[in-house]
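>>> Sequence and computational prediction follow.
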Amino acid sequence: MTGWRAWLLDPAPRSPLQARLGQAWLGWLRLSRNPLALIGLLIIVALLVAAALAPLLATHDPYVQNLAGRLQPPLSPDHWLGTDEFGRDIWSRLVYGARITLYIVALVTVTAPVVGLIIGTVSGYFGGIVDTVLMRLTDIFLAFPRLILALAFVAALGPGVENAVLAIALTAWPPYARVARAETLTVRGADYIAAIRLQGAGSGRIIFGHVAPMCLPSVIVRVTLDMAGIILTAAGLGFLGLGAQPPLPEWGLMISSGRKFLFEQWWVATMPGLAIFIVSLGFNLLGDGLRDVLDPRGSSK
Amino acid sequence: MTDTASIPRRNGSSAALRLGWRAAKLVLTLAITFLGLLAITFVIGRVIPIDPVLAVLGERATAAQYDAAREAMGLNDPIWVQFALYVRDALDGNFGTSLMTARPVLEDVTRVFPATLELATIATILGVIFGVPAGVIAATKPGSLTDQLVRLIGLMGYSMPVFWLGLMGLLVFYGELGWVGGPGRLDTTYEFMYELDVPTRTGMILIDTALAGQWEIFANAFSHIVLPASVLGYYSMAYISRMTRSFMIDQLGQEYVTTARVKGMPEWRVVWVHALRNVLVPLITVIALSYANLLEGSVLTETVFAWPGLGLYITNALFSADMAAVMGGTIVVGSAFILLNMLSDLLYRLVDPRARS
């Protein structure tokens, strides 16, 4: 066993950092035993690389039209995934589309879970009437069909990537609030919380400094499992013409424009769908694996 | 939804009283949730950057006409009065008039809803027929190749955009192979026959044609519904098989299963009769939930298959800026969703004695 591994697995860690890194290392070991989760991780890494290095990976400009070379089939000499109805290279558009997908996922995952975390911890910490009101609100949102609600929101706000994100976030927070509240209820009565309270800490400081961090792991697992759903909803909004607008290379939008040529030029609609499928599958595989690592009890579910 | 811990326990209260209390609580929850739905659509309707007065009068109205119309529409009233009127209208089934069809929204919605219901029902039936056995088989040998296969098929269902799967289905089974009917509920020629010869009883073509004995139209309608129903059914199957597997694994670990095995009962009887019977109870909830999700999933599927149901109605209304129709449709789908959720909750309590106490 090499030095750094021994340091990581030290049964008596000398600093919180060492203990935390040790836990992370053990988690990684458990995750790496699950081949499907590793495949998922690989897909996500590939997505990140594609988004970061899009200008290098793309063979053409994703926006430049070439009407002379429109609707060329895959494996053409210059376009290995073919071209769309404006002669734009589909591979290049897919690569740049990875940026939009990541952008949407990132925006939703920094908004919805935060809202859910605040509502859930406040609700669980104070209890009583606050809890009743907030949880009833959560139940109301949970009882709604998400896509329909997002549709109605976008209808009101107008189409566009940011509005689609807002609509998805507005409909995505309730499950996180539920999870955070459940976690809060289990730590609320803990001795260390009582100790902080006796030291004179205010409710705000207790909730955000000491309760919310305890809820984070469960919320993170939930977010990873939801990412595929976020991608699919965003693509659905794009497909309906309510998300990203042309000429952005958003994958759902690309499927929608390829629909007109489905029977003659099948690749225009097929390729972006494959991209969505692979990326969602990656998030699902990774999320499943992460849940097994962080919550072994729920692994059979 | 309702946690039993918050129900007050009264000493010596009769069972009837407790049942009444629970029913009242359920009705109250239902009412609050429904009010919440209306509040959301109301707020959305108010933040839309479309002036409702101009939408009615047109751009050329004079200032005096404008003010009069504004007053008549109640837009000068306090916001809570407006909301109260909105709720009263909704309870009367008055969702306004659709700009697209120039008919009351409620009339439109009741006309298109059967198409969605027909599609979602057949999809759910497919999901149950394939999902339950797949989940049971996967649970009998966790970790086996079959189990992994079922899990992978389920994960693929969770990862595929429904509209893309629909397009691919059309491409292969309609475009290339010609095995199924194309978009729409019927071929155009049959559409006329259906209008002329088949009395509308339920609005569901398969049932109406069967009742009228029009088997030729029935066959055509069937060839059209097979593909969209299979696409939606796949998602339903992914969800149902996953849940069945986890319920079944729980049951197979119970002691009564060991007892049955020790008594020498054949394994198939242990799994498919004893354990499955106990799994059916939580499965009811899952199936109801999946049914509710299909009503929603139909928005995208109906767009792909040009299926003239509620989903297509809402999206078409959206692009005609027909907000009355959008909100009316949203309220109807939302209400159906809420009711199905409640119903599954209720059913669960009714069937499972443990949830009752």
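Here it is on my side, so go on. Residues are numbered from 1 along each chain as shown, chains lettered A, B, ... in the order given.

>>> Quick check: bridge partners of residue B:104?
Note on residue B:104: beta-bridge partners by DSSP bridges are residue B:97.

>>> count of residues packed around residue A:126?
Using other Cβ atoms under 10 Å in any protein chain shown, residue A:126 has 15 other residues around it. Using the backbone N, CA and C atoms, a C-beta is placed for each residue, glycine as well.

>>> ok, and the closest non-adjacent residue to it?
Of all residues not flanking residue A:126 in the chain, residue A:203 sits nearest, at 7.5 Å (Cβ to Cβ, 6 or more residues apart in numbering or on different chains).

>>> My read is that the one you found contacts residue A:127, right?
No - assessed by Cβ atoms under 8 Å, residue A:203 is found out of contact with residue A:127, at 11.9 Å.

>>> From chain B, how far off is the residue nearest to residue A:126?
Using Cβ to the nearest Cβ, to the nearest Å, residue A:203 is found at 23 Å from chain B.

>>> per-residue pLDDT, that residue?
On pLDDT, residue A:203 comes in at 88.

>>> tell me the domain ranges of chain B?
With domains defined by automatic domain parsing, chain B comprises B:6-91, B:105-356.

>>> To residue A:223, which of these lies closest?
Relative to residue A:223, the nearest member of the domains of chain B by Cβ to Cβ is domain B:105-356, separated by 15.4 Å.

>>> From the chain's centre, how far out is that closest one? Work that out for me.
Centroid displacement of domain B:105-356 relative to its chain, using Cα atoms, centre = their mean, to the nearest Å, is 9 Å.

>>> Please apply the same query to stretch A:72-86.
Centroid displacement of stretch A:72-86 relative to its chain, using Cα atoms, centre = their mean, is 31 Å.

>>> can you list the residues of the stretch 1-150 of chain A near chain B?
Applying Cβ under 8 Å from any Cβ of the partner chain, we find that the stretch 1-150 of chain A lies next to chain B at A:136-137, A:139-141, A:143-149.

>>> Let me have these in TSV, extended by secondary structure, neighbour count and pLDDT.
As requested, the residues of the stretch 1-150 of chain A next to chain B are arranged in TSV below (DSSP: H, G, I helix; E, B strand; the rest coil; neighbours: other Cβ atoms under 10 Å in any protein chain shown; pLDDT from 0 to 100):
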residue	secondary structure	neighbour count	pLDDT
A:136	helix	13	81
A:137	helix	16	85
A:139	helix	19	80
A:140	helix	20	79
A:141	helix	20	81
A:143	coil	25	70
A:144	coil	24	71
A:145	coil	22	72
A:146	helix	20	78
A:147	helix	25	80
A:148	helix	25	80
A:149	helix	24	80
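
>>> Next one: residue A:297, what pLDDT does it get?
Note on residue A:297: pLDDT of 48.

>>> elements contacting the longest helix that chain A contains?
Using DSSP state H, we find that the single longest helix of chain A is helix A:90-126. If you count contacts as 3 or more Cβ pairs under 8 Å, 6 or more residues apart in numbering or on different chains; DSSP states H and E, helix A:90-126 packs onto helix A:35-52, helix A:54-57, helix A:128-142, helix A:161-172, helix A:174-188, helix A:212-239, helix A:251-258, helix A:267-294.

>>> The last one close to chain B?
Yes - part of helix A:267-294 sits near chain B under the criterion Cβ under 8 Å from any Cβ, namely A:269-270, A:273, A:276-277, A:280-281, A:283-285, A:288.

>>> Find the nearest non-adjacent residue to the residue in the stretch 1-150 of chain B that chain A sits nearest to, please.
For the stretch 1-150 of chain B, the nearest residue to chain A under the criterion Cβ to the nearest Cβ is residue B:36, separated by 3.4 Å. Of all residues not flanking residue B:36 in the chain, residue A:140 sits nearest, at 3.4 Å (Cβ to Cβ, 6+ apart).
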